[in-house]
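Peer 1: With the input below, show me the fold.
(one chain, ligands or ions: 1)
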Amino acid sequence: MVDVDPFIDEKIEEISESVGDANAVIGLSGGVDSSTAAALAYEAIGDQLTAVYVDTGLMRKGETDQIRETFDYMDSLRIIDAKDRFLDALEGETDPEEKRHIIGEQFIREFEEVARDVDADYLVQGTIYPDRIESEGTIKSHHNVGGLPERIDFAGIVEPMRDLYKDEVREVARKLDLESIIAERMPFPGPGLAVRILGEVTEEKLDVAREANHVVEEELTEYEPWQALAAVIGKATGVKGDNRVHGWVVAVRSVESRDGMTARAQEIDWETLQRIQSRITGENETVSRVVYDVTHKPPATIEYE
Ligand code: XMP
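Peer 2: Below is the predicted model:
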């Protein structure tokens, strides 16, 4: 485990030295990694840092408000409402890798605009050790901002947490007083709810996924999963009132892991599973079925796409 106090001092010094008098940008995703990197960089260079949060419309419930509150102290925080642009770009696309690609591209476009506007020479990234390992392989095209360095001519990339594991990042986050909701929050993929929706991303499926993920996070926190999630995986016949309906199938998944590279499906008690089922089908008219995913990684991945 990393020794947190010296780590923070060392990184603050390192960031100030690398960036000097120049400007830097960081993309906030709402997750603990980018939030911690942003907090560290802000300690180091203050308002020379512009934190950019792109609201893709693929975020978890309440995520944008949470970011606004948590980083309220940064004058240079920019929140960009890009929901319509992301949905338009994704319209009709069903291929998982293409969806990731479209999201990555759109993200870069949004980000580039700010980076140019503030004349940023440096890019700060919340990359952690397992990201680097997975990106080296060909398991999935991983990073939400992976294309940035090629597209924008940054003088340098700063990755203060590149050697840390997730649990170490959380330690650093707690030390930096990041709100516990962020420090303890489950990891969330860059492409957001789009990888928890099989096939085309539509507003209807997004609403189902957002609400279902909220229920699952709330109900399963006590199991302390590495990640608990809900995915919209298709349609199936059900009965609502007196009518047969063709409604959405929501898969619930909860896994234990240290670094996301392998994972074990968690054993959840029946009562909790039933409560999740009843909340998800009750809160959304269009959901006809909830299933629990018992597959470990491998052979499955944690996310659905
Ligand atoms: P998989 O689904 O590959 O996920 O088993 C392993 C871990 O990585 C997260 N993940 C991502 N994180 N950008 C990210 O920043 C991505 O494109 C991405 N895809 C998966 C996933 O949530 C899990 O924690």
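Peer 1: Just confirm Glu14 contacts Pro160, I think it does.
Peer 2: Yes: contact criterion C-beta atoms under 8 Å: Glu14 and Pro160 qualify, at 6.9 Å. Every residue, glycine included, has its C-beta placed from N, CA and C.
Peer 1: For those two, indicate the residue with more neighbours.
Peer 2: When Glu14 and Pro160 are compared on other C-beta atoms under 10 Å, the one with more neighbours turns out to be Pro160, at 24 against 14.
Peer 1: Would you check that the more buried one makes contact with Ile15?
Peer 2: Yes: proximity of Pro160 to Ile15 meets the contact threshold set by C-beta under 8 Å, at 6.1 Å.
Peer 1: burial measure for the closest residue to Ile102 other than its chain neighbours, as a count.
Peer 2: Nearest non-adjacent residue to Ile102, counting by C-beta to C-beta, 6 or more residues apart in numbering: Ala89, 5.1 Å away. By other C-beta under 10 Å, the residues close to Ala89 number 17.
Peer 1: isn't Ala89 right up against Gln106?
Peer 2: Yes: Ala89 lies in contact with Gln106 (C-beta under 8 Å); the separation is 5.0 Å.
Peer 1: any residues in contact with both of Pro160 and Ile15?
Peer 2: Listed as contacting both Pro160 and Ile15 by C-beta atoms under 8 Å, 6 or more residues apart in numbering are 40-41, 124.
Peer 1: can I get those residues in JSON lines with pLDDT, neighbour count and secondary structure?
Peer 2: Shown next, in JSON lines, are the shared contacts of Pro160 and Ile15 (pLDDT from 0 to 100; neighbours: other C-beta atoms under 10 Å; DSSP: H, G, I helix; E, B strand; the rest coil):
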{"residue": "Leu40", "pLDDT": "96", "neighbour count": "26", "secondary structure": "helix"}
{"residue": "Ala41", "pLDDT": "97", "neighbour count": "27", "secondary structure": "helix"}
{"residue": "Val124", "pLDDT": "95", "neighbour count": "29", "secondary structure": "strand"}
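Peer 1: so where's the stretch 51-200 of the chain shaky on pLDDT?
Peer 2: Applying pLDDT under 70 to the stretch 51-200 of the chain flags the ranges 134-147, 149.
Peer 1: so is Val239 in a helix, a strand, or just coil?
Peer 2: strand (DSSP: H, G, I helix; E, B strand; the rest coil).
Peer 1: Now do the contacts for it.
Peer 2: Contacts of Val239 were listed using C-beta under 8 Å, 6+ apart, and they are 245, 288.
Peer 1: separation between the residue of the chain positioned farthest from its centre and Lys235?
Peer 2: Farthest-out residue of the chain from its mean C-alpha position, per C-alpha atoms, centre = their mean: Asp242, at 39.3 Å. Note on Asp242: its distance to Lys235, by C-beta to C-beta, to the nearest Å, is 20 Å.
Peer 1: thinking again about what came up before, Tyr223: which of the shared contacts of Pro160 and Ile15 is nearest?
Peer 2: Leu40 (29.9 Å; C-beta to C-beta).
Peer 1: So which residue is smack in the middle of the protein?
Peer 2: Nearest to the chain centroid, counting by C-alpha atoms, centre = their mean: Phe188, 3.0 Å.
Peer 1: By residue count, tell me the biggest helix in the protein.
Peer 2: Ranked by residue count and defined by DSSP state H, the top helix of the chain is helix 96-117.
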